[in-house]
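**Student:** Give me coordinates for this.
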Amino acid sequence: MPMTTRWFGLGARNQWGATAADRVDWVNDTIKIALITNAVSPNQDTHDYWNDLSANEIAAGGGYVAGGATLGSKALTYDAATNQVRLDCADPSWPFTVSKTFRWAVVYKDTGSAATSPLLGYGDFGADETTANTYTITVDATGLLRGDVAP
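**Tutor:** Have a look, this model is predicted:
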């Protein structure tokens, strides 16, 4: 399933202005993507750590691990033609064996504590997704998250 992602404003800001603990090394840090229900909508302006959303994560089991999937094959590039910084990864997937329903995918740096794991971005599927089969998010060819550096 393709999805459009957005940055959490505080997560983007903290790459330059926060403590070192909030900064992200896209390639070397443990970056996860978790699925959450429609019980909450990610707030781009106020949510800053995984504990703001983790209570609404889908239930573990049946092919889903609490905290979400760890992103693999991460790459950080700059495309001079489009003036974009691109954070890319392999398509994450979950081998569901029971029915799961979710609305959002949340990307965050996993520090081992939800209260200190900075949120990076989120994707909206547009409506609830329900499946009992393997579910794969197709990462856009331009990356999971992007940042424009020119107007």
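
**Student:** Would you map the strands across the chain?
**Tutor:** 4-7, 31-36, 69-70, 75-79, 84-88, 93-95, 100-109, 119-131, 134-136, 145-148 (DSSP state E).

**Student:** export these to CSV and tack on mean pLDDT and mean neighbour count?
**Tutor:** In short, each C-beta sits where N, CA and C put it, glycine included. Converted to CSV, these look like this (pLDDT from 0 to 100; neighbours: other CB atoms under 10 Å):
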stretch, mean pLDDT, mean neighbour count
strand 4-7, 85, 16
strand 31-36, 98, 23
strand 69-70, 98, 16
strand 75-79, 94, 12
strand 84-88, 93, 19
strand 93-95, 97, 15
strand 100-109, 97, 22
strand 119-131, 95, 17
strand 134-136, 97, 14
strand 145-148, 90, 16
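
**Student:** and the ones you listed as a markdown table, adding distance to residue 59?
**Tutor:** Converted to a markdown table, these look like this (distance: least, CB to CB, whole Å):
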| stretch | distance to residue 59 |
| --- | --- |
| strand 4-7 | 23 |
| strand 31-36 | 10 |
| strand 69-70 | 15 |
| strand 75-79 | 32 |
| strand 84-88 | 28 |
| strand 93-95 | 12 |
| strand 100-109 | 8 |
| strand 119-131 | 13 |
| strand 134-136 | 14 |
| strand 145-148 | 26 |
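
**Student:** how close does the residue nearest the centre of the chain get to residue 78?
**Tutor:** Centroid check for the chain by CA atoms, centre = their mean gives residue 107 as the closest residue, at 1.6 Å. In this view, residue 107 and residue 78 are 19 Å apart by CB to CB, to the nearest Å.

**Student:** can you check residue 118 too?
**Tutor:** 22 Å.

**Student:** again, but for residue 87
**Tutor:** Distance, residue 87 to residue 78, by CB to CB: 11 Å.

**Student:** Kindly export stretch 34-44 (C-alpha atoms) in PDB.
**Tutor:** Extracted C-alpha coordinates of stretch 34-44, given in PDB (Å, rounded to 0.1, in the frame of the first residue of the first chain):
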ATOM      1  CA  ALA A  34       4.400   1.400  13.900                       C
ATOM      2  CA  LEU A  35       0.800   1.100  13.000                       C
ATOM      3  CA  ILE A  36      -1.800   2.900  15.100                       C
ATOM      4  CA  THR A  37      -5.600   2.900  15.200                       C
ATOM      5  CA  ASN A  38      -8.000   5.700  14.300                       C
ATOM      6  CA  ALA A  39      -8.600   6.400  18.100                       C
ATOM      7  CA  VAL A  40      -6.200   9.300  17.700                       C
ATOM      8  CA  SER A  41      -4.900  11.500  14.900                       C
ATOM      9  CA  PRO A  42      -1.200  12.300  14.900                       C
ATOM     10  CA  ASN A  43      -0.800  16.000  15.700                       C
ATOM     11  CA  GLN A  44       2.000  17.400  13.400                       C
END
